[in-house]
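Asks: Generate a structure from the sequence data that follows.
(one chain, ligands or ions: 1)
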Amino acid sequence: MSHPQDLRIIIVGGGLAGLMMGIMLDQAGIEYHILEQASRLRPLGTSISLHPVIMDLMDQLGLLEDMTKMSKPLRGITVLSAHGRKMGRIDARSNKRSRHGHQAMVMSRPDLHEFLLAKIPAHKLTTGKRVIDISETPSHVTVTCMDETTYTGHLVIGADGAYSAIRQIMYQKLTERGVLPEADKKPLHFEKQCVVGMTCPLDPKKYPVLQDESCEVKVVLGKDQHTSMWILPLQGNRMAWCVGGPDPHLIPQDDGDHTSQGSRGSRGRDWYPETAVEICEDVRSFKCPYGGSVMDLIEATPKGLVSKVLLEEKMYRTWYNGRVVLVGDACHKIVPFFGQGASQAILDCACLVNMFNELPTTETTDLTRIFQKYFDLRSEPAKVASDSSREFADLIYDQGFKADLARNIVLRFTPTWLLRMITGTVTANRPSLKFMPPAKNNYLK
Ligand SMILES: Cc1cc2nc3c(=O)[nH]c(=O)nc-3n(C[C@H](O)[C@H](O)[C@H](O)COP(=O)(O)OP(=O)(O)OC[C@H]3O[C@@H](n4cnc5c(N)ncnc54)[C@H](O)[C@@H]3O)c2cc1C
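Replies: Numbering: from 1, shown residues only. Okay, the predicted model is just below:
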């Protein structure tokens, strides 16, 4: 079965989920248009780690080779004390027998965004279009933007991030009908926040680790304080860093601007960018695992590549209604510790695009049937990914005696094969685009 010939989709949001959805729809020969609120896309200046489970999909889409060139494979995560004492390590390497058959890849997030954006034909993406309303007829759906322009299609995909306007409009309608589950009415939950940045190119003579082909995340834990830091070498002689924790300095003053740059989240009025370095004062005494001071890295970061981010978390129960469906952070906001948020968003896209190829008509009943199937297939894996990300974050970052003990036991005494097995269970399946030739590069050489 294939999709109806005139099927036309409106995608709201030009983040990673929206762009990946566009790339997959192009391959499926389905008409789409992306509406992005920002007048210029400006992704967070940080790294992004992509989970091995999506690599077959990237291979099918012909993206894997270029993505491999712009990234470094992740070797592992080393946890250190503020004085540089090694507290433990998790090996992240895959091997031929692993379930994924690929390595996790780490790259600059702006590089990835730019790469994906270049794959979208210019006439299929319009920036400066903030969607504020949706209306449905028996056969079509129309979105209205802030500037009063309208766009009509057979269905709308809300790929508009954690504070999704599409989700809020959908939920408003369901609330009026009295059918929105109570859990979906609660706001996003957050306990942790961080400042992230990416340095300008550094001198490899000063930081020889930049010449390594693979990379390792070094997490430095503050003693008796609530701020920690991780540092990660990237391609192009740059380093990504993140200073985070439940530190009162970092608690945002909510200015109600929840729509700026999606997962950038809400920002305090008086922090950005001048106070970022001040926030990072908490880690001044940390020993930098790559030499010098951690402040050298922070100070070598252009101001435009420093952002403060709330690490929200929430699994929504309602992912679709009528002609509207959600993907990515709009329906599952995952704390970013395990390379899962973006990877799960990409898995959502692949699952939905496969469903479109099983769509007999554009009637609402047929859409409801495939949206339900999409939810059935994706909600449980996304929840497992979300739970494991949170548990992993707690294991690495929690402070206090009990947390130290748990970390010591897991990092020092759990054998690598068991850790690999545990992390492998998160994504034991390796989804593919059913309408495309299978991935060539199935296993590591
Ligand atoms: C600090 C940090 C580090 C992370 N690291 C990783 C990692 O290493 N690996 C990983 O897999 N995941 C990571 N994540 C998570 C990952 O970034 C997200 O899961 C992913 O970017 C979600 O993509 P998205 O497209 O759903 O949402 P977003 O990236 O938030 O994109 C939403 C887009 O929609 C637009 N938009 C919003 N409202 C509207 C509207 N009304 N009209 C039109 N457009 C609108 C926004 O401007 C934005 O461009 C990290 C997240 C953070 C915060």
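Asks: And residue 47, how far from residue 31?
Replies: Residue 47 is 34 Å from residue 31, where distance means C-beta to C-beta, to the nearest Å. All C-beta atoms are positioned from the backbone trio N, CA, C, and that covers glycine.
Asks: Please disregard the earlier target; I meant residue 161.
Replies: 24 Å.
Asks: Of those two, give the one with the bigger neighbour count.
Replies: Between residue 161 and residue 31, counted using other C-beta atoms under 10 Å, the more crowded position is residue 161 (29 against 16).
Asks: didn't that one look like it was pressed against residue 328?
Replies: Yes - with contact defined as C-beta atoms under 8 Å, residue 161 reaches residue 328; the gap is 7.2 Å.
Asks: Pull up the overlap in contacts between the two.
Replies: Shared contacts of residue 161 and residue 328 (C-beta atoms under 8 Å, 6 or more residues apart in numbering): 13, 15.
Asks: Next, the spatially most central residue of the chain: secondary structure please.
Replies: What sits nearest the mean C-alpha location of the chain, by C-alpha atoms, centre = their mean, is residue 342, with 3.0 Å. Going by DSSP: H, G, I helix; E, B strand; the rest coil, the secondary structure assigned to residue 342 is helix.
Asks: Provide a list of residues in contact with it.
Replies: Residues in contact with residue 342 (C-beta under 8 Å, 6+ apart) are 16-17, 48, 50, 328.
Asks: make it 10 Å
Replies: 15-17, 20, 48-51, 54, 109, 112, 263, 328-329, 334, 336 (C-beta atoms under 10 Å, 6 or more residues apart in numbering).
Asks: Which among these count as buried?
Replies: Neighbour-count burial (16 or more other C-beta atoms under 10 Å) is assigned, among the contacts of residue 342, to 15-17, 20, 48-51, 54, 109, 112, 263, 328-329, 334, 336.
Asks: just checking: which of those also lie near the ligand?
Replies: Contacts with the ligand within the buried ones among the contacts of residue 342, counted by C-beta under 6 Å from any ligand atom: 15-17, 48-49, 263, 328-329, 336.
Asks: Can you tell me which member of these has the lowest pLDDT score?
Replies: Among those, residue 263 carries the weakest pLDDT, at 37.
Asks: Start and end of stretch 3-11, how far apart?
Replies: Terminal residues of stretch 3-11 are spaced 17 Å apart (C-alpha to C-alpha, to the nearest Å).
Asks: got the buried residues for that stretch?
Replies: Neighbour counts over stretch 3-11 (16+ other C-beta under 10 Å) mark 3, 7-11 as buried.
Asks: Now render the residues you listed as a markdown table, adding distance to residue 435.
Replies: Formatted as a markdown table, the buried residues of stretch 3-11 follow (distance: C-beta to C-beta, whole Å):
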| residue | distance to residue 435 |
| --- | --- |
| 3 | 9 |
| 7 | 13 |
| 8 | 18 |
| 9 | 15 |
| 10 | 21 |
| 11 | 19 |
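Asks: closest to residue 140 among those residues?
Replies: Comparing the buried residues of stretch 3-11 against residue 140 with C-beta to C-beta picks out residue 8 as the nearest, at 8.8 Å.
Asks: From the ones next to the ligand among the buried ones among the contacts of residue 342, which land in helices?
Replies: Members of those lying in helices (criterion: DSSP state H): 16-17.
Asks: Now do the buried residues in the helix or strand harbouring residue 380.
Replies: Residue 380 belongs to helix 364-397 when assigned by DSSP states H and E. If you call a residue buried by 16+ other C-beta under 10 Å, then helix 364-397 has these buried ones: 364, 367, 370-371, 374-375, 377-379, 381-382, 384-386, 388-390, 392-397.
Asks: likewise stretch 192-207?
Replies: Of all the residues in stretch 192-207, those buried under the rule 16+ other C-beta under 10 Å are 192-199, 202, 207.
Asks: near the ligand, which of the residues you listed show up?
Replies: residue 196.
Asks: Among the buried residues of stretch 192-207, which are located in strands?
Replies: Using DSSP state E, the subset of these located in strands is 192-198.
Asks: which one of these is nearest the ligand?
Replies: Among these, residue 196 lies closest to the ligand (C-beta to the nearest ligand atom), at 4.8 Å.
Asks: Now do the same contact list for the residue lying closest to the closest one once chain neighbours are set aside.
Replies: Excluding its sequence neighbours, the residue lying closest to residue 196 (C-beta to C-beta, 6 or more residues apart in numbering) is residue 46, at 4.0 Å. Taking C-beta under 10 Å, 6+ apart as the contact definition, residue 46 lies against 108-110, 194-198, 232, 234, 240-242, 305-307, 309, 336.
Asks: got the phi/psi numbers for the residue of the stretch 101-250 of the chain found nearest the ligand?
Replies: At 2.7 Å from the ligand, residue 161 is the closest residue in the stretch 101-250 of the chain, using C-beta to the nearest ligand atom. When read as degrees, to the nearest 10, the backbone of residue 161 gives phi 80, psi -170.
Asks: what does this protein put close to the ligand?
Replies: Counting by C-beta under 6 Å from any ligand atom, the chain comes close to the ligand at 12-18, 35-38, 44, 46, 48-49, 129-131, 159-161, 165, 196, 259, 261-263, 309, 328-330, 336, 339-343, 345.
Asks: buried stuff in the helix or strand residue 184 falls within?
Replies: In the assignment (DSSP H and E), residue 184 maps to helix 182-185. For helix 182-185, burial by neighbour count (16+ other C-beta under 10 Å) applies to residue 184.
Asks: Residues in contact with that helix: which ones?
Replies: Contacts of helix 182-185 with the rest of the structure, by C-beta under 10 Å, 6+ apart, involve 167, 170-171, 174-175, 314-318.
Asks: before we move on, the earlier item: pick the one among the buried residues of stretch 3-11 closest to the ligand.
Replies: residue 11 (9.3 Å).
Asks: which residues touch that closest one?
Replies: 17-19, 21-22, 25, 32-36, 120, 124-125, 153, 155-160, 327, 349.
Asks: Among those, name the ones in helices.
Replies: Using DSSP H, the subset of the contacts of residue 11 located in helices is 17-19, 21-22, 25, 349.
Asks: List phi and psi for the residue of the chain most remote from its centre.
Replies: Distance to the chain centre peaks in the chain at residue 138, reaching 34.2 Å (criterion: C-alpha atoms, centre = their mean). The phi and psi values for residue 138, taken as degrees, to the nearest 10, are phi -60, psi -20.
Asks: got a list of what it touches?
Replies: Residue 138 sits in contact with 323, 363-364, where contact means C-beta under 10 Å, 6+ apart.
Asks: Pretty sure residue 363 sits against residue 139.
Replies: Yes - Residue 363 lies in contact with residue 139 (C-beta atoms under 10 Å); the separation is 8.0 Å.
Asks: who's more crowded, those two?
Replies: Remark: of residue 363 and residue 139, residue 363 carries more neighbours, 14 against 11, as counted by other C-beta under 10 Å.
Asks: So the more buried one versus residue 155, what's the distance?
Replies: Between residue 363 and residue 155 the computed distance is 11 Å (C-beta to C-beta).
Asks: which among the contacts of helix 182-185 end up buried?
Replies: Of the contacts of helix 182-185, these count as buried by 16+ other C-beta under 10 Å: 167, 170-171, 174, 314-316, 318.
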